[in-house]
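Asker: below are the sequence and a predicted model for it; my questions follow.
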Amino acid sequence: MRSDILPQGGNEHKAIVDIKTLGIIDGHLPPKVRSLVIEWASIHKEELENDWNLLVQHKPPLKITPLE
């Protein structure tokens with residue numbers, strides 16, 4: 001399972017993150033941004049997996065709250 005993760009507030013940094021392992025597959029994020037992305041993804045891991053399954057079925061994903 002993989003997903004493009006784009007930190008909110010800009011797209012100057014891009015990465016593809018494995019939803020199961022939360023490892024970066026491709027791209028680069030600065031350390032601070034990476035830690036925030038991983039923190040958010042770990043909090044919402046089940047929601048991300050559910051959204052991935054919806055997308056595979058050609059259904060729209062549900063909204064996931066941003067990291068505050």
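Answerer: Thanks, I have the structure now.
Asker: could you use CA atoms for every contact and neighbour count after this?
Answerer: Fine.
Asker: name the helix or strand of the chain that has the lowest mean pLDDT.
Answerer: Taking mean pLDDT, DSSP states H and E as the measure, the helix or strand of the chain with the lowest value is strand 2-5, at a mean of 54.
Asker: how about the helices of this structure, start to end?
Answerer: In the chain, the segments counted as helices under DSSP state H are 31-43, 45-56.
Asker: make a markdown table out of those and add distance to Ala15, mean pLDDT and mean neighbour count.
Answerer: Formatted as a markdown table, the entries for those read as follows, by distance: least, CA to CA, whole Å; pLDDT from 0 to 100; neighbours: other CA atoms under 10 Å:
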| stretch | distance to Ala15 | mean pLDDT | mean neighbour count |
| --- | --- | --- | --- |
| helix 31-43 | 9 | 92 | 15 |
| helix 45-56 | 16 | 94 | 16 |
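Asker: tell me which of the ones you listed approaches Pro66 most closely.
Answerer: Across the helices of the chain, Pro66 has its closest neighbour in helix 31-43 (7.4 Å, CA to CA).
Asker: tell me what angle the closest one forms with helix 45-56.
Answerer: An angle of 80 degrees separates the directions of helix 31-43 and helix 45-56 when computed by axes from the mean of the first three to the mean of the last three CA atoms, to 10 degrees.
Asker: test my guess that Trp40 contacts Thr65.
Answerer: No: with contact defined as CA atoms under 8 Å, Trp40 does not reach Thr65; the gap is 9.2 Å.
Asker: now do the contacts for the residue lying closest to Leu54 once chain neighbours are set aside.
Answerer: Take Leu54 and drop its neighbours on the chain: the residue closest to it by CA to CA, 6 or more residues apart in numbering is Pro61, 6.0 Å away. Shown here is Pro61, whose contacts under the criterion CA atoms under 8 Å, 6 or more residues apart in numbering are 51-52, 54-55.
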